[in-house]
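Student: Let's see this in three dimensions:
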Amino acid sequence: MAGVYYCYPQGKHKALTMSYDDGRRADERLVGIFNQYGIRGTFHINSGLLGEGDRITAEELPQLYKGHEVSAHTRRHPTIARCPQEYIVEEVMEDRKALERLIHQPVRGMSYPNGSYSQEIIRLLPHLGIEYARTVESTGGFGLPEDWLEWRATCHHNRGLLEHGERFIGLHKRQYLYLMYVWGHSYEFDNDDNWELIEKFCAMAGGRDDIWYATNVEIVHYMKACERLVFAASRDFVHNPGAASVWLEVDGRIVEVPGGQTVDLI
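Tutor: Prediction:
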């Protein structure tokens, strides 16, 4: 019987994703840096605050974040663990609706405003169409989360970013799927006067053939597509009931399983 591992697209075993909150004006510079180095990220936006102070306006949003993911952050950034369920439902659903009107794409993820959440909220979110949610805790590691709705990043960018990046680039054991996940707020680079930090990281981590550069939701959807594969009991063949391709490593060979097809693995 074949030994089978899930892979990222094109057979890669490392992925990098970025996650930035609040939609402040400094996102313009950050998106420019990401685009320069081929790095992709997710921007969690409070739709009810668009255009206030130094926040990106509704009119600017679709073009600025093109090629990245726009995700929810609640409508007006309340500390939701202190809020009644009715208010949480309104904050999440109205944020989704407003953002979806602007980008004409489903919004399926979020980050917890003020890092505030509870197990009750985690149980609620799937009923609101939310597939993943990022916390403000970090792991220091490169594993996939056990629960997409309690997704902890590798690090905040002010917590050993370059050191984590060097470790990540050096990872080579193909029996693992590695994920480096960085989070923060773009305005922090202005406050801390350390834009050179993210520029150095992106120059180091970008443009590498062995890394999949993905948004948060792309990682979630891809891994769910992997889980939906239907293997023969013998693992001699596999059927992909979804629309998107999934890649496997089969006894050291990289095998693409296109959407809707059955592929022999021997």
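
Student: Find the residue closest to Thr135 in space, skipping its chain neighbours.
Tutor: Nearest non-adjacent residue to Thr135, counting by C-beta to C-beta, 6 or more residues apart in numbering: Arg152, 5.4 Å away. Just so you know, the C-beta spots here come from the backbone N, C-alpha and C atoms, and that holds for glycine as well.

Student: Check what pLDDT the residue lying closest to Ser245 once chain neighbours are set aside gets.
Tutor: Counting by C-beta to C-beta, 6+ apart, Pro258 is the residue found nearest to Ser245 once chain neighbours are left out, at 4.9 Å. Looking at Pro258, its pLDDT stands at 98.

Student: so Pro258 makes contact with His239?
Tutor: No: using C-beta atoms under 8 Å, Pro258 is not in contact with His239; the gap is 10.8 Å.

Student: Give me the most central residue, this structure.
Tutor: For the chain, the residue nearest the mean C-alpha position is Asn216 (1.3 Å; C-alpha atoms, centre = their mean).

Student: Show the pLDDT at that one.
Tutor: Looking at Asn216, its pLDDT stands at 98.

Student: ok, it - contacts?
Tutor: Counting by C-beta atoms under 8 Å, 6 or more residues apart in numbering, Asn216 touches Thr17, Ser19, Thr42, Glu69, Ser71, Gly109, Tyr132, Arg134, Trp151.

Student: ok, now with 10 Å
Tutor: Counting by C-beta atoms under 10 Å, 6 or more residues apart in numbering, Asn216 touches 17-19, 40-44, 68-69, 71, 108-111, 131-134, 148, 151, 181, 183.

Student: host element of Val70?
Tutor: strand 69-72 (DSSP states H and E).

Student: Packing partners of that strand?
Tutor: On a contact count with 3 or more C-beta pairs under 10 Å, 6 or more residues apart in numbering; DSSP states H and E, strand 69-72 meets strand 14-21, strand 41-45, helix 61-64, helix 85-103, strand 109-111, strand 132-138, helix 216-228.

Student: how about the ones you listed in JSON lines, adding distance to Val250?
Tutor: As requested, these are exported to JSON lines (distance: least, C-beta to C-beta, whole Å):
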{"stretch": "strand 14-21", "distance to Val250": "19"}
{"stretch": "strand 41-45", "distance to Val250": "31"}
{"stretch": "helix 61-64", "distance to Val250": "41"}
{"stretch": "helix 85-103", "distance to Val250": "38"}
{"stretch": "strand 109-111", "distance to Val250": "31"}
{"stretch": "strand 132-138", "distance to Val250": "28"}
{"stretch": "helix 216-228", "distance to Val250": "14"}
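
Student: Of these, which is nearest Gly170?
Tutor: Closest to Gly170 of the helices and strands packed on strand 69-72 is strand 14-21 (C-beta to C-beta; 10.4 Å).

Student: still on that earlier bit, the residue nearest to Ser245 touches Val238, doesn't it?
Tutor: No: using C-beta atoms under 10 Å, Pro258 makes no contact with Val238, being 11.1 Å away.

Student: which of the two has more neighbours?
Tutor: Taking neighbours as other C-beta atoms under 10 Å, Pro258 and Val238 compare with Val238 leading, 21 against 13.

Student: surely the more buried one meets Val255?
Tutor: Yes: using C-beta under 10 Å, Val238 is in contact with Val255, at 8.5 Å.

Student: Which neighbours do these two have in common?
Tutor: Ala2, Val4, Val246, Leu248, Val263, Asp264, Leu265.

Student: so can I have TSV of these showing neighbour count, secondary structure and pLDDT?
Tutor: Formatted as TSV, the shared contacts of Val238 and Val255 follow (neighbours: other C-beta atoms under 10 Å; DSSP: H, G, I helix; E, B strand; the rest coil; pLDDT from 0 to 100):
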residue	neighbour count	secondary structure	pLDDT
Ala2	18	coil	68
Val4	16	strand	96
Val246	24	strand	98
Leu248	21	strand	98
Val263	16	strand	98
Asp264	11	strand	97
Leu265	20	coil	96
